[in-house]
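Colleague: Predicted coordinates and the sequence they were generated for:
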Amino acid sequence: MGHDMKRRKFIRNGVYALGSSALASHLSTHSEAAAAERPNIIFILSDDQRWDTLGCAGNPIIETPELDRLAEEGVRYSNAFVSSPACAPNRACLFTGLYERSHSYTFGSPPLKKAYSDISYPMRLKQAGYKTGYVGKSNVKFEPGVIGEMFDSFVPLGRKPYIREENGEKRHLTEIMTDRSIEFIDSCTGDRPFCLSLSFHAPHAEDDDPAQFIWPQACDGMYDNVTIPLPENAHLYNTMPGFMKTSFNRMRWWQRFCTPEKYQQMVKGYYRMISGIDREIGRLRKKLEESGMASNTVIIFMGDNGFFLGERGFGGKFMLYEQSLRVPLIVYDPRKDSTAGTVLDSMALNVDVAPTILSLAGIEPPGMMQGMNLELLAEENRHKARMGFLCEFLSTEFPSIIRSEGYRTEDLKYIRWIDSKNTIEELYDLAKDPLEENNLKNNASYASRLEGIRKRCDSEISRREGERH
């Protein structure tokens, strides 16, 4: 057994031996010693926002000045991914630093096991003396009493409706969530650091509304005078197996993108919702500046999964193609001028968020966590720190959404569909084929590479299943 594995086993066993009360005392003692140096932390999560919907990511149409400024002052991870491209399993990954294969939480499953909520970043932060708050969408069910252990303030806000009345004024849910977040910040007196998790519903569509994408009034008229380019690989729908042609993603395409006129309407609405988030991030940062907290508040921004905008003839997410897996990720630490404006192409993951937040707070991430500290990647410029990752969608809750699993490296993507009548495999050379148009599964010149990545996928699945508790 290697040194790292021994260390992880020692930490893990120590955690269970200490018990929750002793652990809380231990972490509190540690936190008091480092109190003056601990930053406030705000983790902002958008819903269904893909990686290329930021001006700083090269999108020439969308207007995101506040997020662009955040990237200019922080670190942008240009190759950030979620290992599970759907809200429920991925949010459990974000809380715990574990892959879906390990925490086993997804749509239709029982509440997240206490053993996993116990290692979550809000639980550990609160035990270490942080004031913890949550505003917005959770989408994770916890065992009874756990939310109170994790959060000092928990303000869940459902998506329906997006437009609602507050104090006689019509307000968008994105604005209301920022209001509740500012109220939480106002409640923080400065005697201890805080961590706020702000989970927007935008730009998630309102699925039952014909308009689908409902934006704040302040974004009315945006993008009216531009034409959104059609997706380059929409034609791939004709080449796909039958089970994909009747999938949930195809139904969403009919709902949103089936005519050129509807495509323009829907994508512009989607963009306006993202611009609405951008405006609220500006309001949140202004609040931090006015309160004197800005210089010691780390802000992390991420999307909870990607989103098809007509590519492959699809809408929605759930699949292991790039549009569904790849998300924006920015980490802004005002205490670190040396990393401002850095763009890293190393692969960053959802499971990295929890250990990063704990490390920022001076807390050793639990040995059970499977991610890494993103700030170390930025500081050490370790572009090749992660050579690949397991990706998966395992829920059986939706019959028309096929389960899948795969493995992605810097230049290869392997996918297999495990609910089709016969397992179907796909292999893409991302270096030569970034749009994933040419399935190389039956290409003889890629036979050895297919076998190699298939074995890596199998090995990673066995490893993550073996780390369940």
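Modeller: Cool, the structure landed. Numbering: from 1, shown residues only.

Colleague: By mean pLDDT, flag the weakest helix or strand of this structure.
Modeller: helix 3-33 (a mean of 39; mean pLDDT, DSSP states H and E).

Colleague: next structured bit after it?
Modeller: The C-terminal neighbour of helix 3-33 among helices and strands, as given by DSSP states H and E, is strand 40-46.

Colleague: What is the distance between that next one and the centre of its chain?
Modeller: The chain centre lies 11 Å from the centre of strand 40-46; the measure is CA atoms, centre = their mean, to the nearest Å.

Colleague: I'd like the mean pLDDT over the helix or strand harbouring residue 286, please.
Modeller: For residue 286, the host element (DSSP H and E) is helix 260-291. Helix 260-291 shows a mean pLDDT of 98.

Colleague: helices and strands around it, which ones?
Modeller: Where contact means 3 or more CB pairs under 8 Å, 6 or more residues apart in numbering; DSSP states H and E, helix 260-291 is packed against strand 40-46, helix 65-73, helix 173-187, helix 248-256, strand 297-303. For every residue, glycine as well, the C-beta is placed using N, CA and C.

Colleague: what about these, which gets the closest to residue 157?
Modeller: Nearest to residue 157, of all the helices and strands packed on helix 260-291, is helix 173-187, at 6.0 Å by CB to CB.

Colleague: For the closest one, the averaged confidence score.
Modeller: On average, helix 173-187 scores 98.

Colleague: Ok, stretch 92-106 next?
Modeller: Stretch 92-106 comes out with an average pLDDT of 96.

Colleague: With stretch 333-345 instead?
Modeller: For stretch 333-345, mean pLDDT rounds to 91.

Colleague: Stretch 63-72 too?
Modeller: On average, stretch 63-72 scores 98.

Colleague: Return the distance of it from the chain's centre.
Modeller: Put simply, stretch 63-72 sits 18 Å off its chain's centre (CA atoms, centre = their mean).

Colleague: ok, residues contacting stretch 398-409?
Modeller: For stretch 398-409, the surrounding residues in contact (CB atoms under 8 Å, 6 or more residues apart in numbering) are 81, 107, 243-244, 246-249, 251, 318-320, 325, 347, 387-396, 413-420, 430, 453, 456-457, 460-461.

Colleague: circling back: can you list the buried residues in the helix holding residue 286?
Modeller: 263-282, 284-285, 287-288 (16 or more other CB atoms under 10 Å).

Colleague: what's the angle from that helix to strand 297-303?
Modeller: Relative orientation of helix 260-291 and strand 297-303, computed by axes from the mean of the first three to the mean of the last three CA atoms, to 10 degrees: 170 degrees.

Colleague: Wait, residue 249 touches residue 315, no?
Modeller: Yes - contact status for residue 249 versus residue 315: in contact at 6.1 Å, counting by CB atoms under 8 Å.

Colleague: Residues that sit against both of those two, list them.
Modeller: residue 308.

Colleague: Distance of the nearest residue to residue 164 once chain neighbours are set aside relative to residue 386?
Modeller: Excluding its sequence neighbours, the residue lying closest to residue 164 (CB to CB, 6 or more residues apart in numbering) is residue 171, at 6.4 Å. Residue 171 sits 41 Å away from residue 386 when distances are taken as CB to CB, to the nearest Å.

Colleague: Equivalent analysis for residue 318, please.
Modeller: Residue 318 is 23 Å from residue 386, by CB to CB.

Colleague: With neighbour numbers in mind, choose between those two.
Modeller: Each of residue 318 and residue 386 has its neighbours counted (other CB atoms under 10 Å); residue 318 has more, 24 against 19.

Colleague: show me the contacts for that one.
Modeller: So residue 318 contacts 85, 86, 248, 249, 324, 393, 401 (CB under 8 Å, 6+ apart).

Colleague: Could you find the lowest-pLDDT member of these?
Modeller: Across the contacts of residue 318, the bottom pLDDT score, 86, is held by residue 401.

Colleague: For that one, grab the count of nearby residues.
Modeller: A total of 20 residues lie near residue 401 under the criterion other CB under 10 Å.

Colleague: And residue 334, by the same measure?
Modeller: Counted with other CB under 10 Å, residue 334 comes out at 17.

Colleague: Show the contacting residues for it.
Modeller: Contacts of residue 334 (CB under 8 Å, 6+ apart): 73, 294, 295, 296, 297, 298.

Colleague: what does residue 255 give?
Modeller: 207, 212, 315.

Colleague: ok, so of those, who is nearest residue 237?
Modeller: Distance to residue 237 across the contacts of residue 255 (CB to CB) is lowest for residue 315, with 11.5 Å.

Colleague: what about residue 118, distance to residue 149?
Modeller: Distance from residue 118 to residue 149, by CB to CB: 8 Å.

Colleague: ditto for residue 457
Modeller: Taking CB to CB, one finds residue 457 at 36 Å from residue 149.

Colleague: cool, residue 418 as well?
Modeller: Distance from residue 418 to residue 149, counting by CB to CB: 36 Å.

Colleague: from the contacts of residue 318, which is closest to residue 235?
Modeller: When these are compared for distance to residue 235 (CB to CB), residue 249 wins out at 15.7 Å.

Colleague: tell me, how many neighbours does the closest one end up with?
Modeller: Residue 249 has 24 neighbours, counted by other CB under 10 Å.
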